[in-house]
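1. no sequence on this one, just coordinates:
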């Protein structure tokens, strides 16, 4: 069973989606530590990665203020390199989280069959808050259990959004070139979704 795979998407893949990628990994590592499980096992349970719709920055490191947000919160930016979104990234993902509604539309235009597992990050955070954890599969720190629980979470969130209206506030502002204060706010908003997601995957 592969790890539960989350693909984060923004435009350039140097600011928002890399922060989301690494902050989700950090959140799951923290959950493992609380369970007295080696946080290094996170890679067995979760594959959090990212890509950009634009592709202009392919091969670049994370934007420095974005990297500061990750490291200041206890995360790791080692080995990150920006890349352009490809269809196979979407195909392999159990969950796709985009920074904006426009990017959600880009993903689903590229892969229409991914619509049920593609969400704007802020939208997914709102939907998670309404889910009943008791309705999910058993929570264990094994790859099989985390994958089953994650897939069930995505299905429940998709059902919960039927008939709902997306909100402009679901989008993450693009902080590129706007300084540390803006990056802090965007990273806080990312954590408002990825930390509850980690808590549901590994309560």
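-> Perfect, thanks for sending it. Please read these numbers as outputs of a predicted model, since none were measured by experiment.
2. What is the helix or strand where residue 89 lies packed up against?
-> Element membership of residue 89 [criterion: DSSP states H and E] is helix 87-91. If you count contacts as 3 or more CB pairs under 8 Å, 6 or more residues apart in numbering; DSSP states H and E, helix 87-91 packs onto helix 101-110. Glycine gets a C-beta too; all of them are placed from N, C-alpha and C.
3. in its sheet, what does the helix or strand following the helix it packs on sit against?
-> Sequence-wise, the next helix or strand downstream of helix 101-110 (DSSP H and E) is strand 118-120. Strand pairing for strand 118-120, determined by DSSP bridges: strand 95-98 (parallel).
4. chain center to the strand it pairs with: distance?
-> On the basis of CA atoms, centre = their mean, to the nearest Å, strand 95-98 is displaced by 6 Å from the centre of the chain it belongs to.
5. Let me see the mean pLDDT of it.
-> Throughout strand 95-98, pLDDT has a mean value of 98.
6. likewise stretch 152-162?
-> In this model, stretch 152-162 carries a mean pLDDT of 95.
7. So which bits of the helix-or-strand element of the chain with minimal mean pLDDT are buried?
-> The weakest-scoring helix or strand in the chain, judged by mean pLDDT, DSSP states H and E, is helix 42-45 (a mean of 93). In terms of neighbour count (16 or more other CB atoms under 10 Å), helix 42-45 has its buried residues at 42, 44, 45.
8. hang on, the earlier thing: would you mind pulling the contact partners of the helix holding residue 89?
-> Residues from elsewhere that reach helix 87-91 (CB atoms under 8 Å, 6 or more residues apart in numbering): 7, 49, 51, 96, 107, 110, 111, 114, 118.
9. Phi and psi next, for the residue sitting furthest away from the middle of the chain.
-> Centroid-distance maximum for the chain: residue 36 at 23.8 Å, with CA atoms, centre = their mean. In terms of degrees, to the nearest 10, the main-chain angles of residue 36 are phi 60, psi 40.
10. With that, I have no additional questions.
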